[in-house]
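Peer 1: build me a structure from this.
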Amino acid sequence: MSSFNKNYSRLLLLTCLVITPSTLRGAATIAIVNGDPAGVGFNDPTSAAPVGGNLGTTLGQQRMIAF
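Peer 2: Okay, here's the model as predicted:
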């Protein structure tokens, strides 16, 4: 296959992916299962000031948002 045909094929594939509606591409739901005990990790209730665009008010919330 020539270089031109490879590049053309890649461009055609990219074009098809871009113009295909997102509803036809499929979707995924990600569920975070938090197994941390109370007061640890995502469940840390320690107060924290919102920083750098992370609006969480506790360390646990900020960790979850960052994750």
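Peer 1: so what's residue 51 closest to, chain neighbours aside?
Peer 2: Nearest non-adjacent residue to residue 51, counting by Cβ to Cβ, 6 or more residues apart in numbering: residue 62, 7.5 Å away. Glycine gets a C-beta too; all of them are placed from N, C-alpha and C.
Peer 1: that's a helix at that neighbour, yeah?
Peer 2: Yes. Under DSSP: H, G, I helix; E, B strand; the rest coil, residue 62 sits within a helix.
Peer 1: just use 24 as the starting number from now, easier for me
Peer 2: Shifting the count to begin at 24 puts that one at residue 85.
Peer 1: which residues does it contact?
Peer 2: Contacts of residue 85 were listed using Cβ atoms under 8 Å, 6 or more residues apart in numbering, and they are 71, 74, 77, 79.
Peer 1: including neighbour count and distance to residue 29, could those go into TSV?
Peer 2: Formatted as TSV, those follow (neighbours: other Cβ atoms under 10 Å; distance: Cβ to Cβ, whole Å):
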residue	neighbour count	distance to residue 29
71	16	52
74	9	47
77	15	44
79	16	47
